[in-house]
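> Structure, please.
(chains A and B)
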Amino acid sequence: MKRTFLLTLFSIFGIWLASFGQGVRISGKVSSLEDETSLAGVTVQEKGTTNGMQTDVDGNYSIQVSSSNSILVFSFVGMNTKEIAVGNQSVINVQLTSDSRALSEVVVVGYGTQIKKDLTGAISGIKSKDIENLPLPTVESALQGRVSGVFINSGSGKLGQGINIRVRGISSVSASNQPLFVIDGQPVITQALGSGGEPDNPLASIAPDDIKSMEVLKDASAAAIYGARAANGVILITTKSGSAGKTKINFGYFTGSSRPTKKREWLNSQEYIQLFTDAANNSSLNGSEWSNAEEAWMNYGGGTDEWTKPANSNWANEAFQKGGISQYNFSMDGGDAKTKFFVSASYNDQKGIILANRLTRANARINIDHQVSKKFKVGVNLMLNRTNNYRVTADNNFTNPIQLNAIPPIQAIRNPDGTYNRNTLYSNVLNDIANSSNKALSFRSISNAYGQYNFMENLFIRSEVAFDIVQFEEDQYYGRETLDGQPGGEAYNSQTRVLTYNTNNVINWMPKLNENNSLELLAGMSLQQSTTSDNSVTGRSFPNDKFQKISSAAIIAGGTSSETGFSFLSYFARANYKLLNKYLLGASYRIDGSSRFGKDNRYGAFPAVSAGWVITEENFLKENKSLSFLKLRASYGTTGNAEIGNFASRTLWTANPYAASSGIKPDQVGVNDLKWEKTNQFDVGLDFGLFNDRITGEIDYFNKKTSDLLLSFPVPATSGFSTITRNVGNLENNGWEFSLNSRNLTGAFSWTTSFNISTYKNKITNLNGSTIDGGSRQMGRISEGMPYGYFYGPKYAGVNPDNGNAQYYNEGGEIVDQDNFDGYNQKVGDPNPNFYGGLGNNYSYKGFDLNIQTQFVSGNDLYNIAGFYQSVNGDYYDNQSRDQLAYWKKPGDITNVPQPRLLDGNGAIKSSRWVQDGSYFRVKNVALSYSFPKAMISRLKLDNLKVFVAAQNLFTFTKYEGYDPEVNASYTGNVNLGHDFYTPPQAKTVTIGVNLGL
Amino acid sequence: MKRNNLYKYFFTAALALSFASCDKKLDINPTTEVDASTALETDGDFKSAVVGAYSILGGGALYGTNLNIMPELQAYEGYAIWGGTFQSYRQIATKSITIANADVTRTWVEAYEAINIANLLLESSSKIADADLRTEIEGEAAFIRGILHFELARFYGLPYEAGKQNIQPAVPIILKGVTDSEGAYQLSSRNTVEEVYAQAIKDLTTATEKLTESGSDNKASKYTAMAFLSRVYLQMGQYEKARDLANTVIEESGKTLNTSVTAAFANKNTNETLFEIQANDQNNVGTSNDGLTTFYSGQTDGTGRADFYINPEFLKSFEDTDVRKTNQIYVGRRSRNYSGKWTSFGQNIPVIRLAEMYLVRAETNARLKTAIGDTPVNDLNLIRRRAGASVKTTATVDQILNERILELCFEGVRIHDFKRTKRTTGTFAYNSDDLVFPVPEREMRANKQLVQNPGYE
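Numbering: from 1, shown residues only, chains lettered A, B, ... in the order given. As a prediction, the model looks like this:
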């Protein structure tokens, strides 16, 4: 305190002295070169002195300097610093250019920020301008192709569905593999709430326009500060805040349409009849069960006229509708030196490409920061959201519209009277959809408030309190003529509330050492408590379909209410030390306690250390002209995965009613030492800058070893239990990441390129001798020595040219007809990619801006489970994909499609027949915009005016024959990656829009 | 300055408090479950646990679906047709069962879940304060343990053959409750068919001694246990014991045949049933993927999946006047015939009816050439007359066995009758390996002491 006082005294004295010297008064205005807006809060300083001040709200300054030899330095975060010699000027107006050099960026880290240059951890991310005006389905999908080390699979084209995000491989078998999401410092709940058999996506409630940046903490040094929940990586989302200066108002609007990335080809009536005539004739049942194809058709129960007067319906097309998206958003930000605010509101309406699928999202946000006094500031971030999701059922549900493609084309879609034909091979989903509704409505608020007190310039305490409130309602009605609702109609209503409270309290100290040493210390604690309560009721038998609420039901067929919760109590500390601007050291330590951990293992410790060496600061490189920056960094540390279930460690009894009597029974046996899964990660990386940082990049190698994997350890069922949850397994991930950013051209025509490519290799090293199989129809398997979820099953060997029989590989590798096949299973594929990444290019010229972002995945296999219904040479009555017409017809035919034999199962078993390479290259986003020149629009009193066209998933290049290679039938569970089962494809969306700033 | 001090103190205090917050915050307990150590304390807890065990009995893995439908599927030739998409049931019907068969697995798993509750009840029954209640609960537990060992032995072991040494493996006999992980890791070996039957007889005998005359809340009574015991002896070919127990049930239980054949299924807890799984609209086995009505029903209003329907050949076994054909079989969707015994999701499921006891008494008397209780022909005609079938003048064993098929069709006795009388179904001999379930794959993996059945290694 005393020192500060003295310093202040000195500087005041200095200024006072200067004003008595041969002082010169300089005034002027500071603005931004790009958009000509005035800049408030720019530091204006006389070089080599402590004499300085900041620009006011309108960017004006006035300063007394010692002489005309003085040099003024203008600096501002995010802008290039500019120095101007005073000379004989008295008015100096300055335009600053924004600092596009990545290395001086401020990066958000756990409980703080750091300059990218000083990082010792592996962090990548995106900024708001990367995703501006894009028709993103949800916010986290913006990371796809843009960030190295983050593998994203959207799973399907259903709106509001959960997305798979895997940071640096797959670290868990039965706990979650999703990263931890932290929004403005608060860990948020991302558990799926819906009943639909498939996860919904809680992050669908966040408006992408409110996001300032998203950072992915990838290695232990960056993530370990989040301890027991950081093993899958951490994604930090920071929302926009206000800046001092003129109040800026922005309106945006875009609208567009979407369609499937691909439609598939199916047999028409004529082709169907041809294939099935052969199939019926070749069948062993021909002559006993039927004597011709029409009889075979009638045998299943088909209508007479269908065979002789086929309808030629295109059932597959009926599953789709023309989709669309519209978004309105409004934001306002501004403030003065004391108070800054950001206010936004938006409405987004997406109509899915799948029948009846729609998602609307309404958001409002207020972020306010207020400087109460010089030392004390407070702020609040308030978000309100309503999301309305009209959902599509799980892929394996008969009411998934995509399953319509299974209905034979000879069956009519509608009856002559216009009603839907209900006598179809499988339920006519069109009828189900017309007579049912499935709506999920959610209200969410993720809000927090903070106070920060600066005891000294370099010591502050910050306290944050946050609430994450989700109110989720599902309302379903199935009419009396639907599969689920017959005979009297069925309604289901559920309410779920998730209430999460979190507080962070940190103390941050940067002791002033000297020029060559700097140190930053952080210590803190956090407490999070979350309670989920839900209730639901099912009603059946309604007077008619006009009555859809359960109060009209004659039978209350079911009802539940339940509550569950968890808590985390955590203490953490971190130190970052920098010596001579070239040697960097970091260390962090976190202790996490959780209600989820067994009573013998309540607390876990998660340390991490890291070091960096800025080689370009060394004398031997300092003068190097081309290499402007080179940093070697390494880190090692421990993180955990605490998504092990709320009460998995307990031995519990549950209620078990029997008709009207209430009963109880044992539910699970637990172990008291149950704990988090533990990941030790080593990372070594090289950050570089070339040609004055025009080219920057990073190379990383990581090695993650996960132990104490939580497994459902099978026990003899004779014990009354099937499994016990225990920490028994191990697995490993390692891989490379490379990213490059280049400013190819600067000047009037500018061109920048960004590229990244990543790999991961996963290996299960210990499963306690057991294997986990994905199910009888699925191929996924988890087994020691193999990558996660590799495909395991019979290997198809094509068709015997002599007799048209399907052939498979036997144990000895020999090809045998299916009758001689011994059922040998082997590795037939791997759903993990060899590499993945993205390439982006940005061109701008005189207000025009073109951004093309592509994305690729290579070397992953996909398995189409539905193959044994839809591409199985007419083994059953399902309509077939058109490629089945190439079936074996006569001896000598060389083909991959066996002879059709109705109900004989020729080549119909689960096999590699339906495993395909899922590599793809996708033009993910294209955005072309034009900003009208200032001169033209200033007459309209506008600050900016921009029109744009944008597209999502514009082109996809793949060899995969299914709908879309970015697929994951999530109902099949976490063992089965890359499975496709009537999974809806992604949408290709094109939008046009306008942005207008006042 | 003063205000700043205030903030300073406030923050320091807040920080100090937050660091001091204790780990009580980490004590969160489940709300829909209770800790095992406190589960069985009061008399009420014990009663609830018995109900919990019954709930498992009534589930789809046991009497709610599988213990009924699996014996019917196994002998479906010329009788019924499985047209459903469930592979596990198709495999059981076509005798091409895989070791991973989901239904073969769940029946094993859940039977032992109920047996574990029975064992836990027996081990801690001394905690029950009320002596009468204690006796009754011990009876219930013994009953549950006995019938399930018997059911498992019939499915997972080769048939019991009278007059032979039945050393073929059945299932492990489990008589000890599991309360912790150590107990859950215990491995056990398969006992022989002889041993498992002996255990079932022992438990059911205990049950007949401890259960009350009327049972409580539609749970097992003394006579339920006797009826099951009679079934066990019949399966073993010990006809005298089967006969005498059936006779005692008929004469002493106070049960009477309903006047109508259909009444036992259309109503709940009629006076004809000796044991009935309780269900209602809220709590039943299932309405779309499980349950007898789900699989057997193909009503035109859409109820049921229409998966398991009647072979037209079988219809010919009934006389035209037989109400069991005219009223208990109906033409439903796709013009097929369906069993009218299982038509509504919330209906109760009769497991043993008095009619069966009459047929047991008739058969055993006929075999033993005795007339304990009544003559075989009288007992036979009692059943036939009610059904509107022609009255017989004689009652041979074959006639009575045939009557069992007509009277007890789709009630889960079919394959067991075939096995004990050494009849073939289709081309499968009564003792074919294909008519025996495999030990489930998951169990083989978890317990290295188990030996797989022939044909599934």
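> How is B:V232 assigned, secondary-structure-wise?
For B:V232, the assignment made with DSSP: H, G, I helix; E, B strand; the rest coil gives helix.
> pLDDT weak spots in the chain?
Just going to use chain A. Scanning chain A for pLDDT under 70 picks out A:1-22, A:34-36, A:77-78, A:99-104, A:196-199, A:202, A:301-302, A:304.
> Can you look at chain B instead?
Using pLDDT under 70, chain B drops low at B:1-23.
> Please repeat the previous calculation with a cut-off of 80.
Applying pLDDT under 80 to chain B picks out residues B:1-24, B:85, B:282, B:287-288, B:334.
> For it, which segments count as strands?
Taking DSSP state E as the criterion, chain B contains strands spanning B:33-35, B:80-82, B:273-277, B:308-310, B:329-331, B:337-339, B:349-353.
> Quick one: closest of the ones you listed to B:V171.
strand B:349-353 (20.0 Å; Cβ to Cβ). C-betas here are computed from N, CA, C, even on glycine.
> Surely A:S141 forms part of a helix?
Yes. Per three-state DSSP, A:S141 lies within a helix segment.
> got the contact list for it?
Applying Cβ atoms under 8 Å, 6 or more residues apart in numbering or on different chains to A:S141 gives the contacts A:152, A:154, A:163.
> Report the buried residues of stretch A:670-679.
A:670-671, A:674-679 (16 or more other Cβ atoms under 10 Å in any protein chain shown).
> Need the residues that contact that stretch.
Here stretch A:670-679 makes contact (Cβ under 8 Å, 6+ apart) with A:171-172, A:175, A:220, A:228, A:231, A:592, A:594, A:597-601, A:604, A:638-642, A:644, A:647-652, A:704-710, A:724-727, B:181.
> on that earlier part again, select from the contacts of A:S141 the one having the most neighbours.
Ranked by the number of neighbours (other Cβ atoms under 10 Å in any protein chain shown), those place A:S154 first, at 24 neighbours.
> Starting from A:Q952, give me the distance back to it.
Plainly put, A:S154 is 11 Å away from A:Q952 if you go by Cβ to Cβ, to the nearest Å.
> any shared contact partners between these two?
Here A:S154 and A:Q952 share the contacting residues A:P137, scored by Cβ under 8 Å, 6+ apart.
> Do I have it right that A:D943 meets A:F932?
No. Here A:D943 does not reach A:F932: they are 10.7 Å apart, not a contact under Cβ atoms under 8 Å.
> Looking at the stretch 1-150 of chain B, which residue is nearest chain A?
Of the stretch 1-150 of chain B, the residue with the smallest distance to chain A, taken as Cβ to the nearest Cβ, is B:N116 at 2.6 Å.
> Of the contacts of stretch A:670-679, grab the buried ones for ChimeraX.
A single ChimeraX command selects the buried members of those (16+ other Cβ under 10 Å):
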select /A:171,172,175,220,228,231,592,594,597,598,601,604,638,639,640,641,642,644,647,648,649,650,651,652,704,705,706,707,708,709,710,724,725,726,727 /B:181
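> taking the contacts of stretch A:670-679 one by one, which sit in strands?
Here DSSP E is the test, and those give A:592, A:594, A:604, A:638-641, A:652, A:704-710, A:724-727 as lying in strands.
> quick check, nearest of the buried residues of stretch A:670-679 to chain B?
Closest approach between these and chain B, by Cβ to the nearest Cβ: A:V671, at 5.1 Å.
> Doesn't the closest one lie inside a strand?
No. Per three-state DSSP, A:V671 lies outside any strand segment and is coil.
> So which residues of the stretch 51-200 of chain B form helices?
In the stretch 51-200 of chain B, the helices defined using DSSP state H, counting those that start in this stretch lie at B:66-74, B:87-94, B:102-124, B:131-156, B:181-185, B:193-210.
> I figured A:T503 hits A:S567, correct?
No. At 11.8 Å, A:T503 does not count as touching A:S567 under the criterion of Cβ under 8 Å.
> which residues do these two both contact?
Shared contacts of A:T503 and A:S567, defined by Cβ under 8 Å, 6+ apart, are found at A:527-528.
> Compare those two and say which is more crowded by neighbours.
The neighbour comparison of A:T503 against A:S567 (other Cβ under 10 Å) goes to A:S567, with 21 against 18.
> Once you drop chain neighbours, what's closest to the residue nearest to the spatial centre of chain A?
Centroid-nearest residue in chain A: A:E140, 3.7 Å away (criterion: Cα atoms, centre = their mean). Spatially, and ignoring its direct neighbours in sequence, A:E140 is nearest to A:L203 (5.6 Å; Cβ to Cβ, 6 or more residues apart in numbering or on different chains).
> which residues touch the one you found?
So A:L203 contacts A:138-140, A:181, A:190 (Cβ under 8 Å, 6+ apart).
> what are the ranges of the strands in the stretch 551-700 of chain A?
Secondary structure of the stretch 551-700 of chain A (DSSP state E, counting those that start in this stretch): strands at A:555-579, A:583-594, A:603-614, A:627-641, A:652-655, A:664-668, A:677-690, A:695-714.
> show me what contacts the spatially closest residue to A:K761 that is not a sequence neighbour?
Computed as Cβ to Cβ, 6+ apart, the closest residue to A:K761 that is not its neighbour in sequence is A:N734, at 5.6 Å. Shown in contact with A:N734 (Cβ under 8 Å, 6+ apart): A:169, A:701-704, A:760-761.
> Just say helix, strand or coil for A:N504.
Under three-state DSSP, the three-state class of A:N504 is strand.
> Run through the bridge partners of it.
When assigned by DSSP bridges, A:N504 has beta-bridge partners A:E464, A:S526.
> Get me the contact residues on the stretch 601-750 of chain A for chain B.
Within the stretch 601-750 of chain A, the positions near chain B by Cβ under 8 Å from any Cβ of the partner chain are A:602, A:646-647, A:650-667, A:669-671, A:714-722, A:724, A:726.
> Leaving out the residues flanking it, which one is nearest to the residue of chain A found nearest chain B?
In chain A, no residue comes nearer to chain B than A:G720, which is 2.6 Å away by Cβ to the nearest Cβ. Counting by Cβ to Cβ, 6+ apart, B:N116 is the residue found nearest to A:G720 once chain neighbours are left out, at 2.6 Å.
> likewise B:H149?
Excluding the flanking residues, the one nearest B:H149 by Cβ to Cβ, 6+ apart is B:A200, at 4.8 Å.
> looking at it, the one you found is touching B:V232, isn't it?
Yes. Look at B:A200 against B:V232 with Cβ under 8 Å: they come within range, at 5.5 Å.
> who has more neighbours, the two?
Shown here are B:A200 and B:V232; by other Cβ under 10 Å, B:A200 has more neighbours (28 against 25).
> wait, what's in contact with that one?
Taking Cβ under 8 Å, 6+ apart as the contact definition, B:A200 lies against B:146-147, B:149-150, B:153, B:232.
> Report the buried members of those.
Among the contacts of B:A200, the ones that count as buried by 16+ other Cβ under 10 Å are B:146-147, B:149-150, B:153, B:232.
> Could I get the strands of the stretch 551-700 of chain A in TSV, plus columns for distance to A:T746?
Below are the strands of the stretch 551-700 of chain A laid out as TSV (distance: least, Cβ to Cβ, whole Å):
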stretch	distance to A:T746
strand A:555-579	30
strand A:583-594	30
strand A:603-614	25
strand A:627-641	15
strand A:652-655	65
strand A:664-668	63
strand A:677-690	14
strand A:695-714	12
